[in-house]
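Enquirer: Structure of the sequence below:
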Amino acid sequence: MLTHVVFFKLFDHSPSGAAEVRDRILALRDQIPQLRHLEAGVDVVRSERSWDVALLARFDDRAGLDAYALHPAHVAFAEWLGPRRERSCVVDYESP
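Expert: Okay, here's the model as predicted:
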């Protein structure tokens, strides 16, 4: 199994702005068959070290992650997010 973790820092740090990003992430659940697990959340601590939104997804393997990245629903989400995202970081790792 491959775990994909992404943190997003948004230009709009408001709870409603972050909630919209979270909701759009979660809408991908039923659209991308390679997703084995998907969760997303809005930061509740809001410290200077915090990121606004976190995404955690699991795939059977690297091919599943690659297919997800190219899936039209993911591409559309990434295009929508682009002007709203200040920056992001990602970690992909093998998990049991």
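Enquirer: where do the helices sit along this protein?
Expert: 15-26, 62-70, 72-81 (DSSP state H).
Enquirer: quick check, distance from stretch 23-43 to the centre of its chain.
Expert: Stretch 23-43 sits 7 Å away from the centroid of its parent chain (Cα atoms, centre = their mean, to the nearest Å).
Enquirer: do the same with stretch 48-67
Expert: On the basis of Cα atoms, centre = their mean, stretch 48-67 is displaced by 5 Å from the centre of the chain it belongs to.
Enquirer: Please measure how far the first residue of it sits from its last one.
Expert: Terminal residues of stretch 48-67 lie 34 Å apart, using Cα to Cα, to the nearest Å.
Enquirer: How about stretch 1-21?
Expert: For stretch 1-21, the separation between the terminal residues is 25 Å (Cα to Cα).
Enquirer: Flag every buried residue along it.
Expert: Buried positions in stretch 1-21, judged by neighbour count with 16 or more other Cβ atoms under 10 Å: 2-4, 6-8, 10, 17-18, 20-21. The way it works is simple: take the backbone N, C-alpha and C, and place the C-beta from them, glycine included.
Enquirer: for stretch 86-95, same thing?
Expert: Applying 16+ other Cβ under 10 Å to stretch 86-95 flags residue 88 as buried.
Enquirer: Only alpha carbons, please: show it as CSV.
Expert: What follows is stretch 86-95, C-alpha atoms only, in CSV (Å, rounded to 0.1, in the frame of the first residue of the first chain):
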residue,chain,number,x,y,z
GLU,A,86,0.1,29.6,-1.4
ARG,A,87,2.2,26.4,-1.1
SER,A,88,2.0,22.7,-0.4
CYS,A,89,4.2,19.8,0.6
VAL,A,90,3.8,16.1,0.1
VAL,A,91,5.2,12.8,1.5
ASP,A,92,4.5,9.5,-0.2
TYR,A,93,5.5,6.3,1.6
GLU,A,94,5.0,2.6,1.6
SER,A,95,2.7,1.5,4.4
